[in-house]
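**Student:** Predicted model, plus sequence, below.
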Amino acid sequence: KAQIYLKSAFKCEKHDEELIIDYIKCLRQIGIYDLEKTLSMHLLHCYPSQKNYEYISKACSNTEEHELALKYYKKFLEGKKLTDNQKSRLGCIYYALYKRYHDPEYADLCFNLYKEVVENNPTDIIDNKNLYAGAKICKNFKAAMECWKKIEDTADFDDEDRFSYAACALRCADFEEYGKYAECRFTKPYDPAYYPKIEHKPRWTGEENISDKTILVVSEQGFGDSFLFYGYVLKLAKVAKKVIFAVQRKIYKLLKNNRYNITIIPNDSDYKTVTFDYHIPAGSIQYTLKLNKETMPVAVGYIQANKKLAAIYKEKYFNTDKLKVGVAMSGSDAGEKNRDIPYKTLKILNKIKNAKFFCLTTDVQDKDLKKIFGRNFVNIAREFDTFTETAAAIENCDVIISGDNCILNLAGAMGKKVYGAFTYHYALRWYDLSGETSGYFKTVKPFVNDAYDRWDVTIKKIVDVPNIKNGKTIIASLTKGFVPTPNGP
């Protein structure tokens, strides 16, 4: 109503400064941001005072023109000693700029401003929430956890916030704290993980003795998660009489005939027809078993390829003395695209002498592979129907170069040497990528982008690994110490 009255007033009254400002505020309230920006520019034109730069700055933020928002807000702040509110507003602009361009400098500016505000208002909920968000984009997860704990009991957090905090705890290798809120992945409002309703049998909490019981483990999330979680199913098998693992159809055939006496069923089964005593989501095993940093790594080579199919592939595709390099540049279409390695950055792999490249990513066209490898490639992924074929191809590779996708997890679970290329803000579940191995797989060597989208630098680091250009030397060094025992994990 105020907007309507003001619009009428504009037709019959003098356009004084306060009237225009009131109109701008009304437009902002009802979300007509384009007109808010137009009128803010008109205000600045008619009344070019420093204070009016703030209105155009807010309008530009609302239209997501964050560079202009920063430009005009700096003009508004010229010569002023910043108040806490102004620092918070400036921090919000830097946060928005970071989200768009992923420049670490914006993240640092945002974090430092929020930190100054919280130092003056240590118990303020909104200020601590801002600092929590700023700490996360700076990858300062310890500081993020400290902010959370200060306001945990007073802030209006939802399950999205709680799971975000759990992820921060995981990045800090605080597995106990992670376990407190990890279940919120199923109840968070945005893109929750799916878990079927199983009401006729109880959930295993870790407190019940299952040494004489059968437990059903249900896979969750993506294929790569299932490959990793299978390693924890094997740990669970040490405390349960029998374990049933329900997995995606494309994984079922690969895991069905295993040597661990684990019963594998499709995860679209009718669980009322399955005999078991307790059930648990696959991703909950880690904290239910109270694993720590020492016990968190999975065994080496706990997934095996079909020997007969691997032999067929060897004769048909891999019968060469060259270094056989499997390449997986991307995951499924449903995955996070920022984790995919851009094709153009893979051209540097051609510097690996005496190598032949095998594409392990499905739906990649030969014409695109030719732009990268010329004719020195095999698009073996065209053979893949299920992960049984994928594993047979991986078995024949000497080394795998992969982005953060299911191929990396499968190859790691098979005990193959993997050079993993990770984006700057890699998925929070990878709690430790700072060493020679990942926190889960002992044969996965992580390489993390030093800035957003700096894939070329990361791939070059992989190519420059000592002796990678010498096929025979690298194979000997990669396999040393990583041979699975006859009895498995």
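**Tutor:** Structure's in. What do you need?

**Student:** Can you classify the residue most central in space within the chain as helix, strand or coil?
**Tutor:** Geometric centre of the chain, nearest residue: residue 427, 2.4 Å, by CA atoms, centre = their mean. Per DSSP: H, G, I helix; E, B strand; the rest coil, the secondary structure class of residue 427 is coil.

**Student:** How about the secondary structure of the closest residue to it other than its chain neighbours?
**Tutor:** With sequence-adjacent residues excluded and distances taken as CB to CB, 6 or more residues apart in numbering, residue 427 is closest to residue 404, at 6.2 Å. For glycine as for every other residue, the C-beta is placed from the backbone atoms N, C-alpha and C. Three-state call for residue 404 (three-state DSSP): coil.

**Student:** Residue 404 and residue 420 touch, don't they?
**Tutor:** Yes - look at residue 404 against residue 420 with CB atoms under 8 Å: they come within range, at 6.7 Å.

**Student:** so where do the helices sit in the stretch 301-450 of the chain?
**Tutor:** Along the stretch 301-450 of the chain, counting by DSSP state H, counting those that start in this stretch, helices occupy 307-316, 366-373, 387-395, 406-413.

**Student:** Kindly report which one of those helices carries the lowest mean pLDDT.
**Tutor:** Across those, helix 366-373 has the smallest mean pLDDT, namely a mean of 92.

**Student:** And that helix, what's buried?
**Tutor:** The neighbour-count check on helix 366-373 (16 or more other CB atoms under 10 Å) flags 369, 372-373 as buried.

**Student:** One more: stretch 293-313?
**Tutor:** Residues of stretch 293-313 classed as buried under the neighbour-count rule (16+ other CB under 10 Å) are 296, 298-306, 309-310, 313.

**Student:** would CSV of these with distance to residue 103 be doable?
**Tutor:** What follows is the buried residues of stretch 293-313, written out as CSV (distance: CB to CB, whole Å):
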residue, distance to residue 103
296, 33
298, 36
299, 40
300, 39
301, 41
302, 41
303, 39
304, 44
305, 43
306, 47
309, 47
310, 45
313, 44
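
**Student:** now, which of those lie within strands?
**Tutor:** Judged by DSSP state E, strands contain none of the buried residues of stretch 293-313.

**Student:** hang on, the earlier thing: what's the residue nearest to residue 427 in contact with, if anything?
**Tutor:** For residue 404, the residues meeting the contact criterion (CB atoms under 8 Å, 6 or more residues apart in numbering) are 331, 339, 420-423, 426-427, 430.

**Student:** Just the buried subset of those residues, written out for ChimeraX, thanks.
**Tutor:** With 16+ other CB under 10 Å as the burial test, the buried ones among the contacts of residue 404 are selected in ChimeraX as follows:
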select :331,339,420,421,422,423,426,430
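
**Student:** can you list the weak-confidence ranges in the stretch 351-489 of the chain?
**Tutor:** By pLDDT under 70, the low-scoring segments of the stretch 351-489 of the chain are 467-489.

**Student:** how about the strands in it?
**Tutor:** Ranges of strands within the stretch 351-489 of the chain are 355-359, 377-378, 399-402, 418-422, 444-448, based on DSSP state E, counting those that start in this stretch.

**Student:** Redo the ones you listed as TSV? Include distance to residue 28.
**Tutor:** Listed next are the strands of the stretch 351-489 of the chain as TSV, based on distance: least, CB to CB, whole Å:
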stretch	distance to residue 28
strand 355-359	51
strand 377-378	55
strand 399-402	47
strand 418-422	40
strand 444-448	40
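
**Student:** Show me the one of these that comes nearest residue 81.
**Tutor:** The minimum distance between residue 81 and the strands of the stretch 351-489 of the chain falls on strand 444-448, with 39.4 Å, by CB to CB.

**Student:** So in that sheet, which strands flank the closest one, and in what orientation?
**Tutor:** Looking at strand 444-448 with DSSP bridges, its partner strands are strand 418-422 (parallel).

**Student:** and the partner strand with helix 387-395, angle?
**Tutor:** 110 degrees (axes from the mean of the first three to the mean of the last three CA atoms, to 10 degrees).

**Student:** Looking at the buried residues of stretch 293-313, which one is closest to residue 385?
**Tutor:** Of all the buried residues of stretch 293-313, residue 309 has the smallest distance to residue 385: 11.2 Å, by CB to CB.

**Student:** so that closest one sits right up against residue 388, yeah?
**Tutor:** Yes - taking contacts as CB under 8 Å, residue 309 lies within contact range of residue 388: 6.7 Å.

**Student:** how far away is residue 48 from residue 42?
**Tutor:** Separation of residue 48 from residue 42 (CB to CB, to the nearest Å): 11 Å.

**Student:** I misspoke; the intended subject was residue 18.
**Tutor:** On the measure of CB to CB, residue 18 and residue 42 end up 14 Å apart.

**Student:** How about residue 140?
**Tutor:** 42 Å.

**Student:** How about the contacts made by residue 422?
**Tutor:** 339, 403-404, 430, 433, 446-449, 458.

**Student:** out of these, who has the most neighbours?
**Tutor:** For the contacts of residue 422, neighbours were counted using other CB atoms under 10 Å, and residue 404 has the most, 27 neighbours in all.

**Student:** if we can go back for a sec, neighbour count for residue 140 and residue 42, which is higher?
**Tutor:** Of the pair residue 140 and residue 42, residue 140 is the one with more neighbours under other CB under 10 Å, namely 19 against 15.

**Student:** out of everything not next to it in sequence, what's closest to that one?
**Tutor:** Per CB to CB, 6+ apart, closest to residue 140 is residue 111, 6.8 Å.

**Student:** tell me the secondary structure for the one you found?
**Tutor:** Under three-state DSSP, the three-state class of residue 111 is helix.

**Student:** Kindly state the pLDDT recorded for it?
**Tutor:** Looking at residue 111, its pLDDT stands at 97.

**Student:** With residue 143 instead?
**Tutor:** For residue 143, the model assigns a pLDDT of 94.

**Student:** what about it, distance to residue 179?
**Tutor:** 21 Å.

**Student:** Any idea how far stretch 203-212 is from the middle of the chain?
**Tutor:** 31 Å (CA atoms, centre = their mean, to the nearest Å).

**Student:** Could you pull out the buried residues of it?
**Tutor:** Buried residues in stretch 203-212, counted by 16+ other CB under 10 Å: 204, 210.

**Student:** Then stretch 64-80?
**Tutor:** 65-66, 68-70, 72-73, 76-77.

**Student:** Which member of the residues you listed is positioned nearest residue 192?
**Tutor:** Of all these, residue 66 has the smallest distance to residue 192: 29.6 Å, by CB to CB.

**Student:** and the gap between that closest one and residue 38?
**Tutor:** Computed as CB to CB, the residue 66 to residue 38 distance reads 18 Å.

**Student:** just residue 47 next, same as before
**Tutor:** From residue 47 to residue 38 the distance is 15 Å (CB to CB).

**Student:** before we move on, back to that, looking at the helices of the stretch 301-450 of the chain, spot the one closest to residue 325.
**Tutor:** helix 366-373 (9.8 Å).
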